[in-house]
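Chemist: Just a sequence and a predicted model for now, questions to come.
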Amino acid sequence: MQTFTVGFGRIWWTKAFGRNALVRSTDRVEAWVGIAAVLMVILATPIAGAIGTSVHDAHAQLYVTQAQTRQQVTATAIEAGRRHVVPNEISYSVTATWFAAGHDHVDVIDWPNQAKIDDERPIWVNAEGEHVKPPPGRSRAGADAVAAALSIWLGVAATAAAFVYAARLILDRRRSHDWDGEVYANHGGPRHH
C-alpha cells in the first residue's frame, strides 16, 4: 500500500530546504527566489525607515528656517483684479503693492476673489520682501518622511514581486519544456504543441 499525505511537505520552504526526490530542481529554484524576495522586502524596511528619518530631520529644519525668515505683511490692490477661467477652476489675480525689507514691492499676486482698488489682504513674504507661499507647518515634515519611506519600501516590494513573477515565467517555461521532452522520449514520437 502506498500512502500520500498532504501537509507541511507541500509548503514552499520545504521545497527549498527539503530532501524529497520528487521535488524538481525548478521547484527548488522557485522557492529560493521567493525566499530571496521576502528577505529583500524585510531588509528594505529598516533602510526605508532610516531614509524617512533623515527626510524628516532635513525637512523639519528647512520648515523651521522658512518660518523664521517669512513674515506676513498687508498687500494693497492698486488696480482692479483679473479673473482667470480654466476648465473646472476659477482664480483671481491682481497687481498689488506692499512694504517689506525696507522698500515697496509691486507684483501680480493671487487674490481670493475679484479685487477692487485699495482692497487689502495679508500675504507672506521672505527676507527680501518677495511674495512667497506660507511656511509649511512642522507636521508636514512627518508626512514627507512617511511618503519617502513608503515610496522606497513599495519600490523594493514591487521590484521583488517583478523578480518573482519573471522567475516563475522562466521556470514554468522550463518545466513545460522538460515535460514535453519526457513525453517525447516516452512515446517515441514527435512533439505536438
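Modeler: Now that the structure is in, tell me what you want to look at. This structure is a prediction, so every number in the text was calculated from the model and none was measured.
Chemist: Would you mind pulling up the elements that the top helix by length along the chain packs against?
Modeler: Criterion DSSP state H: the longest helix present in the chain is helix 139-187. Helix 139-187 makes packing contacts with helix 25-69 when contacts are defined by 3 or more C-beta pairs under 8 Å, 6 or more residues apart in numbering; DSSP states H and E. The way it works is simple: take the backbone N, C-alpha and C, and place the C-beta from them, glycine included.
Chemist: Quick check: pLDDT value at the residue nearest to Asp57 when sequence neighbours are not counted.
Modeler: Spatial nearest neighbour of Asp57, excluding adjacent residues (C-beta to C-beta, 6 or more residues apart in numbering): Ala141 at 8.0 Å. Looking at Ala141, its pLDDT is 92.
Chemist: Around Ala141, how many other residues sit close by?
Modeler: 20 (other C-beta atoms under 10 Å).
Chemist: ok, it - contacts?
Modeler: Counting by C-beta atoms under 8 Å, 6 or more residues apart in numbering, Ala141 touches 55-57, 59-60, 63.
Chemist: ok, and for the longest strand along the chain, which residues are buried?
Modeler: The residue-count maximum for a strand in the chain (DSSP state E) belongs to strand 89-100. The neighbour-count check on strand 89-100 (16 or more other C-beta atoms under 10 Å) flags 94-96, 98, 100 as buried.
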